[in-house]
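Engineer: Fold the following, please.
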Amino acid sequence: MSILENTISPGGAAYHANRDGMLGLIDRMRALEERTRAASAAAKDRFHKRGQLLPRERVALVLDPGAPFIELSTLAGYMFDVPDATKSVPGGGVIAGIGFVSGIRCMVSASDSGIDAGALQPYGLDKTLRVQELALENKLPYVQLVESAGANLLRYRVEDFVRGGNIFRNLARLSAAGLPVVTVTHGSSTAGGAYQTGLSDYIVMVRGRTRAFLAGPPLLKAATGEIATEEELGGAEMHTQVSGLGDYLAEDDRDALRIAREIMVALQWERPGRTASEFKPPRYDQDELLGIMPMDHKRSVDMKQVIARIVDDSDFTEMAPNYGPATVCGHARIEGQAIGIITNNGPLDPAGANKATHFIQACCQTRTPILYLNNTTGYMVGKAYEEAGMIKHGSKMIQAVTSATVPQITIYCGASFGAGNYGMCGRGFHPRFCFSWPNAKTAVMGGEQAAETMAIVTEAAAARRGKPVEKDKLDAMKAQIIGVFDGQMDVFSTSARVLDDGVIDPRDTRAVLSEVLAICREGDARNPQRMQFSVARP
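Structural biologist: All right, here's what the predicted structure looks like:
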């Protein structure tokens with residue numbers, strides 16, 4: 001056993017400053033999530049008056065009560081619907097996450113029709129494509145609860161129309177991969193959105209509420225002169241009795257969700273369950289994760305103290321601790337599930353990159369999934385590091401990340417700057433799951449470094465022309481650059497752009513990792529072409 005020793009002083013001033021800062025960020029995140037729920041719930045009287053359930057009521061009823069549910073990308077689109085931080089409603093117009101339906105782990109996606117009639121909000125497309133990607137990668141059945149006005153024509157962009165075709169392509173891919181697509185069409189499913197219903201394997205429609213047609217009555221009359229009611233043109237009874245589009249006719253939302261759950265039971269979907277094993281919780285309080293990470297990414301932190309609070313029994317077998325010590329690699333377990341961990345106690349240097357490359361390859365050999373706890377300002381620069389082969393060793397690390405044959409899970413815990421973001425399996429390298437802590441920052445470099453770099457370049461260009469640089473203009477340029485960088489690097493900006501799968505409370509890290517490791521293992525067990533991985537420690 002290699003038990004990590006505690007070096008945290010919960011009574012210290014630095015700890016309390018870190019904790020207060022983290023709690024403030026968590027409160028901000030929860031307030032935004034609650035704003036979205038409240039905006040949708042404001043339609044409660046209207047929904048209930050016409051005999052419908054609110055979107056989140058639908059999600060709650062289709063899921064198994066009390067079972068784990070990981071909601072994804074709750075901050076998607078923040079500040080892109082309206083540029084006012086006090087009024088923006090994040091979420092992208094979609095409620096999505098991984099949970100259990102009739103005992104079967106599924107991806108569940110629901111139109112948030114309490115907001116703008118379910119029209120996709122900014123970054124709602126990106127969110128939908130990401131959850132479909134996760135369903136495909138992890139071999140999850142896909143349950144859709146559809147009620148959408150479609151694209152918001154006031155925000156029409158041709159690129160969204162073209163890219164939106166990927167939603168329908170992915171539904172076809174899910175079905176072709178043997179992953180059932182079960183859809184409850186609670187309300188409108190119009191124009192291109194009709195294919196969201198049509199490309200499903202099992203379709204449940206609600207009497208008097210479902211509407212599915214390529215052209216609604218106004219467009220139909222304008223285009224052909226034909227006059228028809230919505231019910232005649234695309235109602236549930238017509239589609240379940242005449243067109244054959246609908247497979248099941250439900251009396252109301254509750255009945256429809258009951259049918260959807262019964263469909264999942266009838267599928268007899270088999271996924272290997274988690275092997276029962278005994279494990280010990282971490283020796284140190286997970287609540288202390290709040291006080292470990294400084295709000296200033298330039299301050300050092302011992303990431304082993306994070307590991308000590310998320311792995312079983314705080315037991316961590318570190319690989320080559322004296323070689324490239326700023327890069328920490330080692331083996332542990334999370335609720336009995338083996339995992340390799342790579343994290344950073346400083347920038348990546350040639351030795352650290354070389355060690356990480358070897359460790360990634362070793363994990364692939366033993367079929368052990370890898371967790372990246374990102375906290376790095378990037379790869380080291382300078383004459384000595386260039387001579388030591390920083391580019392070569394960093395490139396090999398990036399190649400190892402790209403070529404890894406086991407699930408890779410990334411959590412942004414602190415800074416993730418420059419090519420260090422790539423070497424630590426940032427979002428661009430398609431980790432199986434990618435989450436952020438509320439304090440995380442992601443950028444090509446820090447704002448001050450970017451500003452100083454451009455100042456040096458500007459001064460050098462001016463010197464070549466033989467002209468002086470006005471200090472006021474130079475300072476203004478630097479301030480602008482810092483503002484641009486700082487305005488895009490925090491999680492409220494990156495998660496809004498769906499550059500992660502969501503922001504999590506640090507105290508939930510162990511529980512989230514336990515679930516996603518199980519999801520990865522179950523998904524890979526269903527994929528004969530993918531190398532499976534074991535739960536035993538190498």
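Engineer: How about residue 344: what's its closest non-neighbour residue?
Structural biologist: In space, and not counting its chain neighbours, residue 344 is closest to residue 376: 3.9 Å by CB to CB, 6 or more residues apart in numbering. All C-beta spots, glycine's among them, are computed from the backbone N, C-alpha and C.
Engineer: Distance of that neighbour relative to residue 442?
Structural biologist: Counting by CB to CB, to the nearest Å, the gap from residue 376 to residue 442 is 11 Å.
Engineer: which of those two has more neighbours?
Structural biologist: Neighbours were counted for residue 376 and for residue 442 using other CB atoms under 10 Å; residue 376 has more, 29 against 22.
Engineer: So for the more buried one, what's the pLDDT?
Structural biologist: We have a pLDDT of 94 for residue 376.
Engineer: ok so, going back, joint contacts of residue 376 and residue 442?
Structural biologist: Common contact partners of residue 376 and residue 442 (CB atoms under 8 Å, 6 or more residues apart in numbering): 416, 417.
Engineer: what residue ranges in this protein score low on pLDDT?
Structural biologist: Scanning the chain for pLDDT under 70 picks out 1, 273-276, 528-538.
Engineer: May I see the buried residues of stretch 361-379?
Structural biologist: Of the residues in stretch 361-379, 363-364, 367-379 count as buried by neighbour count, 16 or more other CB atoms under 10 Å.
Engineer: Can you name the two of these that sit furthest apart?
Structural biologist: Across those, the longest distance by CB to CB is 32.0 Å; it joins 367 and 377.
Engineer: For residue 272, give its distance to residue 521.
Structural biologist: In terms of CB to CB, residue 272 sits 7 Å off from residue 521.
Engineer: Quick check on the two: which one has the bigger neighbour count.
Structural biologist: More neighbours surround residue 521 than the other of residue 272 and residue 521, with 23 against 12 (other CB under 10 Å).
Engineer: Then that one would be within a helix, right?
Structural biologist: Yes. Counting by DSSP: H, G, I helix; E, B strand; the rest coil, residue 521 is located in a helix.
Engineer: So what's the residue count around the spatially closest residue to residue 444 that is not a sequence neighbour?
Structural biologist: In this structure, residue 444 finds its nearest non-sequential neighbour in residue 418, 5.9 Å apart by CB to CB, 6+ apart. Residue 418: 21 surrounding residues under other CB under 10 Å.
Engineer: Next up, phi/psi of residue 418, please.
Structural biologist: Main-chain torsions, residue 418, degrees, to the nearest 10: phi 60, psi -150.
Engineer: Now do it against residue 387, distance only.
Structural biologist: Note on residue 418: its distance to residue 387, by CB to CB, is 19 Å.
Engineer: Convert stretch 420-427 to CSV, retaining C-alpha atoms only.
Structural biologist: The C-alpha coordinates for stretch 420-427 follow below in CSV (Å, rounded to 0.1, in the frame of the first residue of the first chain):
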residue,chain,number,x,y,z
GLY,A,420,-0.3,21.3,-22.1
ASN,A,421,-4.1,21.2,-22.8
TYR,A,422,-3.4,18.9,-25.7
GLY,A,423,-0.9,16.7,-23.9
MET,A,424,-3.3,16.4,-20.9
CYS,A,425,-6.1,15.1,-23.2
GLY,A,426,-8.0,18.3,-23.5
ARG,A,427,-11.4,18.4,-25.2
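Engineer: any residues touching that stretch, and which ones?
Structural biologist: Identification of contacts with stretch 420-427 by CB under 8 Å, 6+ apart yields 342, 344, 347-348, 353, 356, 370, 372, 374, 376-379, 394, 397-398, 401, 408, 410, 416, 428-429, 431, 434, 442, 499-500.
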